[in-house]
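*Asks:* Predicted model and sequence below, questions to follow.
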Amino acid sequence: MTEQSELTPSGPAASEEEVLVERRDGVLLITINRPRAKNALNENVARSVAAAVDELDADPDLRVGVLTGAGGVFSAGMDLKAFLRGERPSVPGRGLCGITQAPPVTPMIAAVEGWALAGGFEIMLACDLVVAGRGARFGVPEVKRSLVAAAGGALELANRVPRALALEMLLTGDPIDATRAAAAGLVNQVVDDGGALEAALALAARIAVNGPLGVAASKRIVRESPDWGADRWERHDAVVGPVLTSEDAREGATAFAEKRDPVWRGR
């Protein structure tokens, strides 16, 4: 979860807020706002991102989260200078920025420009979908410092890309570009540099119009089912059943028959 130190100058917290949170039509936009430090992750950033994710999951009017970084960089990883001061950018039981061990229930999209390295890459992995500028670079350089990508990189990367590519990234520490990341299935959409946020918000809007219960259940099944055993269909039905009998399911069918937009109530 550390980063290449040459990418992350740091110092006393800047006067501006280090994490910006904005609501946009059912979407919660979370922006790591430390551009002079390449959006390196310190304790304040971690607490602020975790609080924003709590808000996302607690408010039924929020349907999708978008996580990005200011100044043309997603995040270069943990702030090493803050680390040496004793700061830890993690939340007990929840991991880095409160999301790597316990991702939000609500769908989250990462909008990536520039570098997504080490801890920055790992919080991106905690997101469900990724939109990237063409010049984005993704990497887990920990082994170059005789460290391990301990905030989920080593644990989760092979679940998102082919094993051979995961091992190449983890064992060499070398980054890959957006084109290769997209070809491997790590990135959903590659856009012109500077356009990742706009494209991520457009993708979020496509999700936000759908039934929230169905969206949440679909995400839960995809995330949890790899750990299910012989009882996987029983566990699947336990998640799906309440959705199929919900008011929203009836509303969806009624709206289709009446040729109108549905009005979701989340129940």
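*Replies:* Done, it's in. Please read all numbers here as calculations on a predicted model, not as lab measurements. Residues are numbered from 1 along each chain as shown.

*Asks:* Helices of the stretch 51-200 of the chain, start to end?
*Replies:* Using DSSP state H, counting those that start in this stretch, the helices of the stretch 51-200 of the chain run over 80-84, 119-125, 153-160, 163-172, 178-183, 196-208.

*Asks:* average model confidence for the fifth one?
*Replies:* Translated: helix 178-183. Here helix 178-183 scores 96 as its mean pLDDT.

*Asks:* can you list the residues that contact that helix?
*Replies:* 112, 130, 132-138, 161, 187-190 (C-beta atoms under 8 Å, 6 or more residues apart in numbering). (Glycine included, C-beta is placed from N, CA and C.)

*Asks:* that older thread, the helices of the stretch 51-200 of the chain: which one's closest to A253?
*Replies:* Comparison of these against A253 by C-beta to C-beta identifies helix 196-208 as nearest, at 20.1 Å.

*Asks:* For the next helix or strand after that closest one, what is the distance to the chain centroid?
*Replies:* Later in the chain than helix 196-208, the nearest helix or strand by DSSP states H and E is helix 212-224. Between the centre of helix 212-224 and the centre of its chain there are 15 Å (C-alpha atoms, centre = their mean, to the nearest Å).

*Asks:* Pull the residues that contact the next helix-or-strand element following helix 212-224.
*Replies:* Once helix 212-224 ends, the next helix or strand along the chain (criterion: DSSP H and E) is helix 232-244. By C-beta under 8 Å, 6+ apart, the residues outside helix 232-244 that reach it are 211, 213-214, 217, 220-221, 224-225, 228, 249.

*Asks:* what does stretch 199-211 give?
*Replies:* With contact meaning C-beta under 8 Å, 6+ apart, stretch 199-211 is reached by 24-27, 29, 63-66, 68, 107, 109-111, 129, 131, 188-189, 191, 215, 243, 248-249, 251-252, 261-262, 264.

*Asks:* switch the cut-off to 6 Å
*Replies:* Identification of contacts with stretch 199-211 by C-beta atoms under 6 Å, 6 or more residues apart in numbering yields 26-27, 63-64, 66, 107, 109, 111, 131, 189, 191, 248, 252, 264.

*Asks:* Taking those residues together, which two end up most distant?
*Replies:* V191 and D248 (32.1 Å).

*Asks:* Go ahead and flag the most central residue of the protein.
*Replies:* Among the residues of the chain, the one closest to the centroid is C127, at 2.2 Å (C-alpha atoms, centre = their mean).

*Asks:* And it, how far from G120?
*Replies:* Distance from C127 to G120, counting by C-beta to C-beta, to the nearest Å: 12 Å.

*Asks:* Give me the pLDDT for the closest residue to V73 other than its chain neighbours.
*Replies:* Residue nearest to V73 in three dimensions, not counting chain neighbours: G114, with 3.8 Å by C-beta to C-beta, 6 or more residues apart in numbering. Per-residue confidence (pLDDT) for G114: 96.
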